[in-house]
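Asker: Pasting a predicted model and its sequence here:
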Amino acid sequence: MIKNFMADKLVITFNEYNKIVEKLAIQIFENYKPTVLVGIMRGAAPILDILSRILKLPIAYIVIQSYSGEGMEDKQGKLMFAREISSLANDKDFNKVLLIDDLSDTGLTLNKSIEWLKNYGPTKNFINEVKTACLWKKKSSTFEPDFCPVRLDSDPWIVQPTEHYEELSIDEIIKRNK
């Protein structure tokens, strides 16, 4: 299913990616009844889209970046959180939160996101439970997600299906689409 491109890289195709998300959806469906899906951007964006369609749940987004200078909001560890959650979900939807990221690499992002979410003013009084989900857990991750279809026995770089776009310029894309 997952191709070992090099000893330290896993190259994931769109088909493989979708199958892993479907396995995650099954794990969630069989073991938890969340009332909202909260995705950590940007890695969780495609996962959240697919899961919300399968599980028929409202969604919310948390935007997080590695800290990189002045004027940043809510610095925690080396992470910077946006001021607000982006969502059209109702307050009551935040009763049972499923927090989603693409992978558990070190565990820092998921740990800090749970902490931030539980202290987020507009919804903190409505949250009764937070569980976590990701597609991959690397061996050295200190975080144990509640739902994770692929638990790796090493710490490879995971080359996700859209990652090649980071290396392409818009000019290259225009040329190949003429």
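Answerer: Thanks, I have the structure now. Numbers count the residues shown, from 1 in each chain.
Asker: residue boundaries of the strands in this protein?
Answerer: Secondary structure of the chain by DSSP state E: the strands cover 3-6, 9-11, 36-41, 59-66, 75-76, 79-81, 86-87, 96-100, 103-104, 129-133, 136-137, 150-151, 157-159.
Asker: isn't Phe143 right up against Ser104?
Answerer: Yes: with contact defined as C-beta atoms under 8 Å, Phe143 counts as touching Ser104 (4.8 Å). In this view, the C-beta of every residue, glycine as well, is placed from N, C-alpha and C.
Asker: okay, the two: which has more neighbours?
Answerer: Between Phe143 and Ser104, Ser104 has the larger neighbour count (other C-beta atoms under 10 Å), namely 26 against 19.
Asker: one step back: could the strands of the chain go into TSV alongside mean pLDDT and distance to Tyr165?
Answerer: Converted to TSV, the strands of the chain look like this (pLDDT from 0 to 100; distance: least, C-beta to C-beta, whole Å):
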stretch	mean pLDDT	distance to Tyr165
strand 3-6	45	18
strand 9-11	89	15
strand 36-41	94	16
strand 59-66	83	18
strand 75-76	42	29
strand 79-81	73	23
strand 86-87	76	22
strand 96-100	96	21
strand 103-104	93	18
strand 129-133	97	24
strand 136-137	96	20
strand 150-151	96	23
strand 157-159	90	12
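Asker: and Ala25, which of the ones you listed is closest to it?
Answerer: In terms of C-beta to C-beta, the element of the strands of the chain nearest to Ala25 is strand 129-133, at 9.5 Å.
Asker: Pull that closest one out as PDB, backbone CA atoms only.
Answerer: Output of strand 129-133 as PDB, limited to C-alpha atoms (Å, rounded to 0.1, in the frame of the first residue of the first chain):
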ATOM      1  CA  GLU A 129     -14.500  15.800  25.500                       C
ATOM      2  CA  VAL A 130     -11.600  16.000  23.000                       C
ATOM      3  CA  LYS A 131     -10.300  13.000  21.100                       C
ATOM      4  CA  THR A 132      -7.600  13.000  18.400                       C
ATOM      5  CA  ALA A 133      -7.100  11.500  15.000                       C
END
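Asker: what helices or strands is that strand leaning on?
Answerer: Counting contacts by 3 or more C-beta pairs under 8 Å, 6 or more residues apart in numbering; DSSP states H and E, strand 129-133 packs against helix 14-31, strand 96-100, helix 108-118.
Asker: List the buried residues in the last one.
Answerer: Same thing as helix 108-118. For helix 108-118, the neighbour count (16 or more other C-beta atoms under 10 Å) marks Leu108, Thr109, Leu110, Asn111, Lys112, Ser113, Ile114, Trp116, Leu117 as buried.
Asker: tell me the mean pLDDT for that helix?
Answerer: Average pLDDT, helix 108-118: 88.
Asker: Who are the packing partners of that helix?
Answerer: With contacts defined as 3+ C-beta pairs under 8 Å, 6+ apart, the packing partners of helix 108-118 are strand 36-41, strand 59-66, strand 75-76, strand 79-81, strand 96-100, strand 129-133.
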